[in-house]
Every structure is written in C-alpha cells, then in structure tokens.
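A.B. asks: I would like to see how this sequence folds:
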Amino acid sequence: MDDATQIPLPLAELHAELGGKMVPFAGYAMPVQYPAGVMAEHLHVRTRAGLFDVSHMGQVIVAGDGAASALERLMPVNVVGLAEGRQRYGLLTLPDGGVADDLMVANRGDHLLLVVNGAMKHLDMDILRAGLPDHSVELHDDRALLALQGPSAEAALEGLVPGTAAMRFMDVGGFEWQEADLWISRSGYTGEDGFEISVPIEVADAFARALLSHEDVLPIGLGARDSLRLEAGMPLYGQDLTPEISPVEAGLNWAIGKVRRPGGARAGGFTGEDRILHELTEGPERIRVGLRPDGRAPMRMGVMLYETEDAVAPVGTVTSGGFGPSVGAPIAMGYVPAGTQAGVTLYGDVRGRRMPVTVADLPFHQPRYKR
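C.D. replies: Coordinates of the predicted model:
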C-alpha cells in the first residue's frame, strides 16, 4: 500500500493540529512524532504521561457458549482460567509452532475482547473465524483505541473517569464518559503504568482533547512508542516475533499457562503444540536476548551477529535496535544460540565493519506497573 492509500486514523485532524509528522504504518497514516521530538516524548512518558493513538489495532469480540475453551485450541494460553474483569497477554500460534500474532485477551463476562496488531488483524480474523466456527467473531471498526501511559496516567484519567484509579494491572472494566461507553484496561506496551481506552469513534476527538488538557499529558508518536517498548524488553510483531519464531524461542514461556504445559490439566490441544511442547521440555535452539552495542551507534534490525571479528558464518541476528533515551545508550534485541550467557561479546556487521556487542539481560528498563 503506497502513501496515498494509507487509511487515516479517526483522530487525523487532531494529529495535524498538534503538528504530528505522519508516516505509513500497518496500512495507516500514523504520527511518528510531534514537534517535541522522539527523545523528549520518550522521557515525558517515563516521568509524566503520554497519549498514544493506537486506533489501527484490531478490537475483536468473541462470543458464544464455551468461547474460552474454543479459543484455547488456537492459543497456548490459559483462557478458561481468566477471571471476569481480567486480561492477559496471549499468542495465536501456527501449525509449525510459529507465532501468527501476539495479542491481549480480556474476559468481559458474556464475551471475550481481543486486541490484536493492526497489520495482522484481518489475517487474525481469518484464523479466528476458521478456528471458531460455532462462535461469533466480530471486528469492531467503530471504535478508536487510545493508550495513556506514564506515572501521571492514573491522575489524568481518574479526573475524567472516576473509578479507574482503583484498577490494578491487567484489570478491565466498562466506564462512561459523557454518556459514551468506554472499555478500559490497565495495561500498555511501554513498561509504565497506564491504561488502554476503547472509545466510540464519534467521541474520540473530544475525549482525546480532554486527556491532553491535563498539564502532564503530551501526545506521543510511534518513534517513542518503539523506544519505550524496546527498553522494556517487549517484542514487536513482524520483527522480534514472526511466523518462524516460536513463543519459547522468544522467551515468552511465562505466557504459556501451567495448565497448558506438559503435565498440566489441559496440556497441549493448541495449534503448533508439537514444537512448542517439545521446546518447553527440551529447550529451543535459539533465544531472544538483550544486546548492548559498544559506543554510541545503534545496531538496527537485520544486523548479523558473529562469534568473532573474523568469523564467516553468523550465529544470530538483531531484530530490533535503536537508542534508549532512559538508558542513555544504544540497545537492541535479537536471537542467538540457546545457552549464550549475559556478558558474552559478539560482533555485529554494521556496513561491513564488525562492531562489538554485549549480550544482556532483558529488560533494559524495569517496568513499573500497579499490582
């Protein structure tokens, strides 16, 4: 899809008014930054609060008797055990054990709400409808999605929507603002406390402006969203997660419920179980790790990693990389042979030069959630 055919976000006029620099992303025209710049936006989220327009993401309702059990056939996640009013991270998997998409799944009582990646939402709908033929699966394009993230997020939202401050990390609930129905979760993808707010498109502009009227809230673009999630060690689908990468390789074992693992009450029974259960038991051949390049030059996606300065065959690859404003140095993530320990030096091929990079533990910035 070329720039001329990018889908505008519901808040396109507001982004223009705020001076947002628009770029194509996942088929949409999205703000990559505002006049403050990526560095300032990133640090503002870490110290105060930022508002992200993530309306490109898919909001999917799955309804019908036994929806949780049925969804477990498509995901190595404990959906049945998810309490009403709670949400958890999940993965749609493929027959060979790779990841089709990562998502959030919430139990809203009489239905499940899935929030999926914007670039993958239509393929996800195909997977969900094929795998859940006896259930209603509906993509809601009539709602915008906003993420309010940072230490001041609670105060900013509570001032508009009383009751949200009492929510814990991964709580979900229904609220009202000026008679509009809001779907709110206490979650996000920055490593900071915050909320994701689904709002009807017709009131999205007014609600966003109300949030931005708080003295601590600034608009934040894709650039800072990427550096924030990278510092928090969170994988990005299409880079750190792909159809070829398994959840175990990606270090997402924690997302695979104990009841779905070998020996669990509902072990297996999901798409790709052979590879995933094998890797849980025997270990994967490669793992996702943090990387700390020497010097000030970042190592970007696609940089090949070598064991020595003159090695011929690569041992790994960088999947995400950039500058970490809170860390004050370049950071990256990538895949290396299983068993590679933090502190090991590898060499990244940057424009024909072998540059040292140190394997590091994730995350680079410790998440700060309200438990």
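
A.B. asks: Would you mark the buried spots in the helix or strand hosting residue 281?
C.D. replies: In the assignment (DSSP states H and E), residue 281 maps to helix 273-282. Neighbour-count burial for helix 273-282 flags 273, 275-277, 279-280 (criterion: 16 or more other CB atoms under 10 Å). For the C-beta atoms, the positions are set from N, CA and C on the backbone; glycine is no exception.

A.B. asks: Which member of those is positioned nearest residue 307?
C.D. replies: Within those, the smallest distance to residue 307 is 23.0 Å, found for residue 279 (CB to CB).

A.B. asks: ok, the closest one touching residue 250?
C.D. replies: No - Residue 279 is beyond contact range of residue 250, at 10.5 Å (criterion: CB atoms under 8 Å).

A.B. asks: Run through the helices of the stretch 151-300 of the chain in chain order.
C.D. replies: Taking DSSP state H, counting those that start in this stretch as the test, the helices found in the stretch 151-300 of the chain are 153-160, 201-212, 222-231, 273-282.

A.B. asks: out of these, which comes closest to residue 194?
C.D. replies: helix 153-160 (4.3 Å).

A.B. asks: coming back round to it: can you tell me which of the helices of the stretch 151-300 of the chain is nearest to residue 296?
C.D. replies: helix 222-231 (14.9 Å).

A.B. asks: What separation do you get for residue 256 and residue 186?
C.D. replies: 23 Å (CB to CB, to the nearest Å).

A.B. asks: Equivalent analysis for residue 153, please.
C.D. replies: With CB to CB as the criterion, residue 153 and residue 186 are 9 Å apart.

A.B. asks: The two: who's more crowded?
C.D. replies: residue 153 (30 against 24; other CB atoms under 10 Å).

A.B. asks: Relative to residue 211, how far out is that one?
C.D. replies: For residue 153, the distance to residue 211 - CB to CB - is 9 Å.

A.B. asks: tally of neighbours for the closest residue to residue 63 other than its chain neighbours?
C.D. replies: Excluding its sequence neighbours, the residue lying closest to residue 63 (CB to CB, 6 or more residues apart in numbering) is residue 111, at 4.0 Å. Residues lying near residue 111 (other CB under 10 Å) number 15.

A.B. asks: my read: residue 111 touches residue 60, true?
C.D. replies: No - using CB under 8 Å, residue 111 makes no contact with residue 60, being 10.0 Å away.

A.B. asks: got the contact list for residue 219?
C.D. replies: Contacts for residue 219 (CB atoms under 8 Å, 6 or more residues apart in numbering) come out as 15, 18, 20, 31, 34, 41, 50-51, 53, 212.

A.B. asks: now those in CSV, with distance to residue 324, secondary structure and neighbour count?
C.D. replies: Listed next are the contacts of residue 219 as CSV, based on distance: CB to CB, whole Å; DSSP: H, G, I helix; E, B strand; the rest coil; neighbours: other CB atoms under 10 Å:
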residue, distance to residue 324, secondary structure, neighbour count
15, 26, helix, 21
18, 25, coil, 18
20, 23, coil, 23
31, 21, strand, 26
34, 20, coil, 21
41, 14, helix, 24
50, 16, strand, 31
51, 22, strand, 25
53, 23, strand, 25
212, 26, helix, 14
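
A.B. asks: which one of those residues sits closest to residue 369?
C.D. replies: Using CB to CB, the contacts of residue 219 come closest to residue 369 at residue 50, 16.1 Å.

A.B. asks: What residues does the residue of the chain most remote from its centre make contact with?
C.D. replies: Centroid-distance maximum for the chain: residue 310 at 36.2 Å, with CA atoms, centre = their mean. Shown in contact with residue 310 (CB under 8 Å, 6+ apart): residue 354.

A.B. asks: switch to 10 Å and redo it
C.D. replies: 347, 354 (CB atoms under 10 Å, 6 or more residues apart in numbering).

A.B. asks: Check whether it sits in a helix, strand or coil.
C.D. replies: Under DSSP: H, G, I helix; E, B strand; the rest coil, residue 310 falls in the coil class.

A.B. asks: How about the one 10 residues further on?
C.D. replies: Going by three-state DSSP, the secondary structure assigned to residue 320 is strand.

A.B. asks: Spatially nearest residue to it (excluding sequence neighbours)?
C.D. replies: Nearest to residue 320 is residue 333, by CB to CB, 6+ apart, at 4.7 Å.

A.B. asks: Residue 293 is in contact with the one you found, correct?
C.D. replies: No - Residue 333 sits out of contact with residue 293 when judged by CB atoms under 10 Å, with a separation of 11.7 Å.

A.B. asks: shared neighbours of the two, which are they?
C.D. replies: Common neighbours of residue 333 and residue 293 (CB under 10 Å, 6+ apart) are 318, 321.

A.B. asks: More neighbours: these two, which one.
C.D. replies: residue 333 (26 against 22).

A.B. asks: Work out for me the element the more buried one sits within.
C.D. replies: strand 329-337.

A.B. asks: in the helix or strand following that strand, what's buried?
C.D. replies: Once the chain leaves strand 329-337, the next helix or strand it forms, by DSSP H and E, is strand 345-350. Using 16+ other CB under 10 Å as the test for burial, strand 345-350 gives 346-350.
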